[in-house]
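In: From the sequence below, what's the structure:
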Amino acid sequence: MTPGVFAVVATTREVLDHPGHGPHLLAPWEHRRLAAVRLPARRDDVLAARLLARLCAARAAGRPPGERGLWAQRCPECGRDGHGRPYLPGRPGLGLSYSHADGLVAAAAGPGAVGVDVEPAARRPGPLSVLRRLLPAAELREATARPDPGPALLRAWVRAEARCKAGPPEPGDVRRLTEWTDDGRAAVAAVVAAAPPALVPLRELLGGPAAGGG
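Out: Sure, this is the predicted structure:
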């Protein structure tokens, strides 16, 4: 199964409270990464985000979520495995991305490069000295010209993070930015991909192939 681009936003508790989807699905390298996270709340966010990424990888590849080698990570800067940009081994045409922030998680997958970011809607990025280095100048000017620049700066931050996670564009790449607010979860999210994503409910992913695998 290779569906089009799709994305999921959920709370950490929505993911972790579902029976049958827990740490037992993680690969050994994921357990090592998780063990290095000392704060319990952040550890829960990381676990939920990795589980959500695994569910998205399974849907994109048509494989069980617990299958060994379903997805991996490689850092484009140091070339080492176990961290960095997610990918699906043996499926170079599919992209995968995930995000977590203070009780919220998101993941996206589909053909081509994919990047996703999610943040609490109440968050306000800063300071401006940092944002000037990270955000496009035009978006920064537009946001700071508003009477209340906070929400616009947050959206600009989320867009920038999604672009970064998608990686540098290749010649001929077509990339589209989609952003939205999940009012029920008080979240702001964005996806960069070859096409606008279908927003998939978490329950649809959880109702997919049974957990497990060889």
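In: lowest average confidence, helix or strand, in this structure?
Out: strand 72-74 (a mean of 86; mean pLDDT, DSSP states H and E).
In: Just list what it packs against, helices and strands only.
Out: Counting by 3 or more C-beta pairs under 8 Å, 6 or more residues apart in numbering; DSSP states H and E, the packing neighbours recorded for strand 72-74 are strand 85-87. C-beta: built from backbone N, CA, C; applies to glycine.
In: Strand partners (parallel or antiparallel) of the strand it packs on?
Out: Strands that pair with strand 85-87, judged by DSSP bridges, come out as strand 72-74 (antiparallel).
In: Could you list the buried residues of the strand it pairs with?
Out: Within strand 72-74, the residues scored as buried using 16 or more other C-beta atoms under 10 Å are Ala72, Gln73.
In: same check, this time on stretch 169-184
Out: Within stretch 169-184, the residues that count as buried by 16+ other C-beta under 10 Å are Arg175, Thr178, Asp182.
In: Then stretch 9-24?
Out: For stretch 9-24, burial by neighbour count (16+ other C-beta under 10 Å) applies to Val9, Ala10, Thr11, Thr12, Glu14, Val15, Leu16, His18, His21.
In: one step back: of the buried residues of stretch 169-184, which one scores lowest on pLDDT?
Out: Across the buried residues of stretch 169-184, the member with the lowest pLDDT is Arg175, scoring 92.
In: contacting residues around that one?
Out: Residues near Arg175 by C-beta atoms under 8 Å, 6 or more residues apart in numbering: Gly112, Ala113, Ala166, Pro169, Val192, Ala193, Ala194.
In: So among these, where is pLDDT lowest?
Out: Where pLDDT dips furthest among those: Pro169, at 86.
In: Now do that residue against Arg132, distance only.
Out: According to C-beta to C-beta, to the nearest Å, Pro169 stands 23 Å off from Arg132.
In: beta partners of the residue nearest in space to the middle of the chain?
Out: Central residue of the chain (C-alpha atoms, centre = their mean): Tyr98, 1.9 Å from the mean position. Residues in a beta bridge with Tyr98, per DSSP bridges, are Ala107.
In: Distance-wise, check it relative to Leu134.
Out: Tyr98 is 20 Å from Leu134, by C-beta to C-beta.
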